[in-house]
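**Student:** Structure for this input, please:
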Amino acid sequence: MATSQELQSQLAQARSPEEYVDMLQHGITHFPRTPLFWRLYAEHERATKGAAAAWQLLTTHAGGLAWCRCDPELWRVAAECCRDATPREEDVGPNSELVGRTFEKAVAVAGAAPEARGLWRAYDDWAANTAPVVLRKPVRRSLLQRAVLVPGDGMDDLWRELERDAREGGDRDAKETHRALEPYATAARKDGAARSRIWQSARHGDDGEPP
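**Tutor:** Purely as a prediction, here's the structure:
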């Protein structure tokens with residue numbers, strides 16, 4: 001039987017969509033701790049069957065998030081599927097609350113990973129463009145203030161957005177918070193490379209079964 005690494009390399013050589021799906025199903029069955037198989041399978045389900053099918057794949061009891069609970073890219077895909085499968089609301093209601101809770105859980109579980117930029121960016125995109133208008137400013141400010149303290153690569157643009165919000169928003173509290181966060185955000189960016197190495201070592205050594 002192929003190893004996880006061998007199966008990953010074989011995915012690009014699949015001769016048909018059916019063979020590709022068979023490989024992914026083999027991957028999530030025999031190597032359920034490998035987030036890549038779950039993420040690619042979910043993205044395939046989203047493209048062929050819709051976001052709701054992908055959301056169900058990842059959130060059932062034995063789904064991807066039960067196995068790979070700390071992978072930021074898998075959480076990003078899950079949160080995006082929740083967003084796309086849930087009807088948009090103009091006012092705060094059960095749908096927007098579900099999407100908001102999903103993004104909040106995602107960043108609580110995996111948002112401190114050095115590779116979490118894509119997850120934070122997806123959350124920021126929802127808060128800025130799709131969330132009910134009354135939620136956009138407070139949710140976005142809250143998530144940006146947390147994201148800029150995450151050590152890792154690619155967070156500079158989120159810091160610049162927070163800085164622009166403080167400069168252009170005319171909000172005294174925002175400006176004071178920005179000044180208070182600046183030394184911590186600077187330290188987080190400098191610490192990103194070391195955190196990334198530690199995270200990679202710990203994550204790729206993880207195996208076993210979910211509780």
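
**Student:** Would you mind measuring from residue 96 to residue 65?
**Tutor:** Relative to residue 65, residue 96 is positioned 21 Å away (Cβ to Cβ, to the nearest Å). From N, CA and C alone the C-beta is placed, and that goes for glycine too.

**Student:** Ok, residue 126 next?
**Tutor:** 18 Å.

**Student:** next one: residue 7
**Tutor:** 21 Å.

**Student:** Find me whatever residue is spatially closest to residue 177, sequence neighbours aside.
**Tutor:** Among residues not flanking residue 177 along the chain, residue 145 sits closest, at 6.4 Å (Cβ to Cβ, 6 or more residues apart in numbering).

**Student:** Let me know the helix or strand that that neighbour is in.
**Tutor:** Element membership of residue 145, judged by DSSP states H and E, is helix 133-147.

**Student:** tell me the contacts of residue 156?
**Tutor:** Contacts for residue 156 (Cβ atoms under 8 Å, 6 or more residues apart in numbering) come out as residue 189.

**Student:** higher neighbour count, residue 7 and residue 65?
**Tutor:** Between residue 7 and residue 65, residue 65 has the larger neighbour count (other Cβ atoms under 10 Å), namely 24 against 19.

**Student:** That one touches residue 77, doesn't it?
**Tutor:** No: the pair residue 65 / residue 77 is not scored as a contact, 9.9 Å apart, by Cβ atoms under 8 Å.

**Student:** Quick one: neighbours of the residue nearest to residue 177, just the number.
**Tutor:** Residue 145: 18 neighbours (other Cβ under 10 Å).

**Student:** Now do it, the pLDDT please.
**Tutor:** Residue 145 carries a pLDDT value of 88.

**Student:** Same question for the one 3 residues further on.
**Tutor:** Looking at residue 148, its pLDDT stands at 84.

**Student:** which SS state does residue 61 fall under?
**Tutor:** Assigned state for residue 61: coil (three-state reduction, DSSP: H, G, I helix; E, B strand; the rest coil).

**Student:** Over to it: give its phi and psi.
**Tutor:** phi -60, psi -40 (degrees, to the nearest 10).

**Student:** and for residue 65 and residue 77, which residues touch both?
**Tutor:** Counting by Cβ under 8 Å, 6+ apart, the residues touching both residue 65 and residue 77 are residue 58.

**Student:** pretty sure the residue nearest to residue 177 contacts residue 182?
**Tutor:** No: counting by Cβ under 8 Å, residue 145 stays clear of residue 182, with 11.5 Å between them.

**Student:** quick one, helices of this structure?
**Tutor:** 4-10, 17-30, 35-48, 51-59, 64-67, 72-85, 94-110, 117-129, 133-147, 156-168, 172-190, 192-204 (DSSP state H).
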